[in-house]
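Engineer: Below are the sequence and a predicted model; questions follow.
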Protein chains: 2
Amino acid sequence: MPRPRSDIARRKVIAAVTDIMVERGAGGVTIDAVAARSGVAKTTIYRHWPDRAALVLDTARSHFADFDSPDTGSLRGDLRTYFGLVDDHTLSGEAGNVMPMVLEASNRDPEMAGILDAISTERARDLEAILDRARERGEFASELDSDQLLGVIVGPVVFHKLVRRRPLSPSYVEACIEVALAGIAALAPDSPA
Amino acid sequence: MPRPRSDIARRKVIAAVTDIMVERGAGGVTIDAVAARSGVAKTTIYRHWPDRAALVLDTARSHFADFDSPDTGSLRGDLRTYFGLVDDHTLSGEAGNVMPMVLEASNRDPEMAGILDAISTERARDLEAILDRARERGEFASELDSDQLLGVIVGPVVFHKLVRRRPLSPSYVEACIEVALAGIAALAPDSPA
DNA sequence: TCCGATCGCTACGGTAGCGTAGCGAAACGA
DNA sequence: TCGTTTCGCTACGCTACCGTAGCGATCGGA
């Protein structure tokens, strides 16, 4: 076997791209800047990625790790944990800094839109798993479709962080959970009219 | 008085910048491209705006017109109208296409963040006016603060359009309104425990 | 009508970024 | 240890874009 391509270089480059993305936006990611910042030679970068676009996509992808859907035994407990995980893996830190860029680029880059869809789908799946378990326990019922449930439950939280750009305080998340659950319950078919 | 600066040129340039923003993103807005597309000479563009950044800011600002806060006589009617207006003036059409770019740029450009804050504040003020009138009619009560109310009511709608990038169907908006109002009512101090 | 400022056009120098070539040195697998 | 591959470095040609200068033509106000 020949000498493998250095994984250290790969990591250093992706870290540099992330930093530059945050500081200067997606448009500010130039190969020269990445090379200077990462300490990896420009030529080496081109040996790892065919061009700038691929590098940016790869970097974006790298920040949105999946997580295990929480299972604490109660719907509220699961949702609290879920929002903590979503915050960590999507809305805050590096992922949170990269997210608006992904959103913006998705409007014109199908590949970026694919990444966004993958994240969306994955997070939606996790929420559905939580709701399904709650349903089985008799803790939850609704005839809203999954798009509506997703919007009503995670919408307020994502909006607050991504659009209003305010930190997610526990009390804010708590209020969102309570309003959503109470609202859904009030609209459920067998609820008190 | 000397000859005034051509307003026609100004409009043509801003229209071109908008198109390019949508097609290629904020980074794709180059003065040469704007000149070619608008039919306005590059030199003339520089006579109107000091540099590229000012042009982009001015264009972004131009797309978010305020609107009159609706007053239909009922809370639900006001909210339905409100969401229609928000969609038209913020989430759809040209404003909707520019919005993700404003969001992304706001993370590092204070001036762009200022524009975003202005929109946010204005939209929040309109919602508060609606809620205040409903309160006076005895149609609405809540002890949630205005950030929480804003998030819970408009969060799901904005999330659906901006993050999930799905069209706002009347039935979706309707569901969001009902869940939010029911949830808020259920949490109100004098509601049935 | 006339004056002055604006307009469009062409051309320019300067900068920044792209992506590649060619080299010696270092590193890894066998 | 040996051989192969990758690495870092320098240099290169090319393109795109910036922002300005200088020109004649046009338009609008007084």
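Structural biologist: Thanks, I have it.

Engineer: CA only for contacts and neighbour counts going forward, please
Structural biologist: Noted.

Engineer: Give me the below-cutoff pLDDT ranges for chain A.
Structural biologist: For chain A, the stretches with pLDDT under 70 are A:1-5, A:190-193.

Engineer: what about the helices in it?
Structural biologist: A:7-24, A:31-38, A:42-48, A:52-62, A:75-86, A:93-106, A:110-136, A:146-158, A:170-187 (DSSP state H).

Engineer: what about the residue nearest to residue A:60 when sequence neighbours are not counted, neighbour count?
Structural biologist: Excluding its sequence neighbours, the residue lying closest to residue A:60 (Cα to Cα, 6 or more residues apart in numbering or on different chains) is residue A:98, at 6.8 Å. Other residues near residue A:98 come to 25 when the count uses other Cα atoms under 10 Å in any protein chain shown.

Engineer: what does residue A:166 give?
Structural biologist: When neighbours are defined as other Cα under 10 Å, residue A:166 has 12 of them.

Engineer: any idea how far residue B:147 is from it?
Structural biologist: 10 Å (Cα to Cα, to the nearest Å).

Engineer: and what of residue A:153?
Structural biologist: The value you get for residue A:153 to residue B:147, if Cα to Cα is used, is 16 Å.

Engineer: Comparing the two, which shows the higher neighbour count?
Structural biologist: Shown here are residue A:153 and residue B:147; by other Cα under 10 Å, residue A:153 has more neighbours (24 against 14).

Engineer: Excluding sequence neighbours, find me the nearest residue to the residue positioned nearest the centre of chain A.
Structural biologist: Centroid-nearest residue in chain A: residue A:90, 2.9 Å away (criterion: Cα atoms, centre = their mean). Excluding the flanking residues, the one nearest residue A:90 by Cα to Cα, 6+ apart is residue A:96, at 5.3 Å.

Engineer: need the contact list for the one you found.
Structural biologist: Going by Cα atoms under 8 Å, 6 or more residues apart in numbering or on different chains, residue A:96 touches A:87, A:89-90.

Engineer: buried set for stretch A:82-101?
Structural biologist: A:82-92, A:94-101 (16 or more other Cα atoms under 10 Å in any protein chain shown).

Engineer: Pull up the distance across that stretch, start to finish.
Structural biologist: In stretch A:82-101, first residue to last residue: 23 Å (Cα to Cα).

Engineer: tell me which parts of chain A are close to chain B?
Structural biologist: A:22-25, A:27, A:97, A:100-101, A:103-105, A:107-108, A:120, A:148, A:151-160, A:163-164, A:172, A:175-176, A:178-184, A:186-187 (Cα under 8 Å from any Cα of the partner chain).

Engineer: and those, which are buried?
Structural biologist: Buried residues within the residues of chain A next to chain B, counting neighbours by 16+ other Cα under 10 Å: A:22, A:25, A:97, A:100-101, A:103-105, A:107, A:148, A:151-160, A:163-164, A:172, A:175-176, A:178-184, A:186-187.
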